[in-house]
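Asks: Structure of the sequence below:
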Amino acid sequence: MMRAKAIKEHLLLECFKWIEERHLLINKTLADIKLALEEESKSSAGDKHETGRAMLQIERENAGHQLLEIENVEQTLKRVQITEPSGLIHLGSLVTTTQASYFLSISAGKFIIQNKIYYCIASNSPIGQLLLGKQKGDSFMFHDDEIEILAIE
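Replies: Reported below is the predicted structural model:
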C-alpha cells in the first residue's frame with residue numbers, strides 16, 4: 001500500500017497533467033479560431049461576413065479568458081506543499097472523511113489510486129472552504145450530512 005506522501009505526489013502529478021491537457025485544448029481552440037479568422041478575412045464582404053468575424057472574435061476572447069484562468073489555477077497548484085505535516089487542513093492536505101477522501105489542491109476531479117477514489121478539490125470550493133483549518137475529529141455539515149474528519153496527512 002502506498003504511503004500518504006506517495007499518494008499526494010501521485011495526485012499532484014495528475015493535477016499537473018490535468019492542467020497540461022487544458023492548456024493544449026485551449027491553445028488548439030485559439031489556433032483554430034485564428035485560422036477561421038484568416039479564412040473569414042478572405043471571404044466576401046457584407047453583413048454575414050462581419051457577423052461571422054465578430055463571433056470568432058468573441059470566441060477568441062473567451063478562450064483567452066480560459067487561458068488566463070488555467071494559468072491562475074497552475075500558479076495555485078505550484079504553491080501546494082505536500083511535505084509539511086500539520087494537524088490543520090491546508091493546501092496540500094490529504095483528508096479522509098466519513099464521506100470521501102480529498103486532496104486540497106485544485107478542482108481537477110476524481111482520481112483512482114490503488115482502487116481508492118480521491119477528489120482533488122480547490123480550497124475555495126464549497127467543501128474546500130469547510131475543510132480548511134479543521135483538524136482530525138472535527139465535524140461539519142455539507143448538504144444536510146454531518147461529515148467527520150477521520151485523518152489528515
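Asks: Can you give me the buried ones in the worst-scoring helix or strand of the chain on mean pLDDT?
Replies: The weakest-scoring helix or strand in the chain, judged by mean pLDDT, DSSP states H and E, is helix 47-78 (a mean of 89). Neighbour counts over helix 47-78 (16 or more other Cβ atoms under 10 Å) mark 52, 56, 59-60, 63, 66-67, 70, 73-74, 76-77 as buried. (Each C-beta comes from the backbone N, C-alpha and C, glycine too.)
Asks: Tell me the helices and strands packed up against the lengthiest helix in the chain.
Replies: Counting residues, the longest helix found in the chain (DSSP state H) is helix 4-42. Contact here means 3 or more Cβ pairs under 8 Å, 6 or more residues apart in numbering; DSSP states H and E; on that basis helix 4-42 packs against helix 47-78, strand 94-97, strand 101-105, strand 109-113, strand 116-122.
Asks: Which neighbouring elements make contact with the second one?
Replies: Looking back up the chat, that one is strand 94-97. helix 4-42, strand 101-105, strand 145-152.
Asks: Could you spell out the sheet neighbours of it, each with its direction?
Replies: strand 101-105 (antiparallel), strand 145-152 (antiparallel) (DSSP bridges).
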